[in-house]
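Enquirer: Provided below for reference: sequence and predicted model.
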Amino acid sequence: ASALRVNAVLTNLNLRFNHIGPEGGVAISKALAVNGVLTDLNLWDNKIGPEGAKALASALRVNGVMTDLNIGGNEISDEGATAIA
C-alpha cells in the first residue's frame, strides 16, 4: 500500500481475491488519500468489512481522480455502504 502513495504512473489496480481484510483496506485507503493518478481500483472479495469501507469512504472524499471502485463481495454491511454512499 505504501507504494501507492508515491505512484505517479499506475492508473488501474486489480487486487481482487487477495483477502487483505480490514487492515489492508485501511492501509490502501491511506495511500488513496494522497494518490493523484489511480482511477480504477478493484478490491472485489477482500473481506475489508465495514471498517475498510469506512476508511475508503474517507479517502474518496479527498481523492479527486478515482472513477471506478469495485468493492463487491467484501461484507461491508449497511454501515460500510452508508459511509461510501
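Expert: All right, it came through fine.

Enquirer: give me the element the nearest residue to Ala8 once chain neighbours are set aside is part of.
Expert: Counting by C-beta to C-beta, 6 or more residues apart in numbering, Ala8 lies nearest to Val37, which is 6.0 Å off, once chain neighbours are set aside. C-beta here means a position set from N, CA and C on the backbone, and glycine is covered the same way. Element membership for Val37, per DSSP states H and E: none, as it lies in no helix or strand.

Enquirer: Now do the worst-scoring helix or strand of the chain on mean pLDDT: distance to the chain's middle.
Expert: Every helix and strand in the chain was compared by mean pLDDT, DSSP states H and E; the lowest is helix 2-6, with a mean of 83. Using C-alpha atoms, centre = their mean, to the nearest Å, the mean C-alpha position of helix 2-6 is found 13 Å from that of the whole chain.

Enquirer: per-residue pLDDT, the residue nearest to Asn14 when sequence neighbours are not counted?
Expert: Ranked by C-beta to C-beta, 6+ apart and with sequence neighbours excluded, the top spatial neighbour of Asn14 is Asn42, at 4.4 Å. On the pLDDT scale, Asn42 is placed at 98.

Enquirer: cool, Thr11 as well?
Expert: What the model reports as pLDDT for Thr11 is 94.

Enquirer: gap between the closest residue to Phe17 other than its chain neighbours and Glu75?
Expert: The shortest distance from Phe17 to any non-neighbouring residue, by C-beta to C-beta, 6+ apart, is to Asp45 (5.1 Å). Relative to Glu75, Asp45 is positioned 9 Å away (C-beta to C-beta, to the nearest Å).
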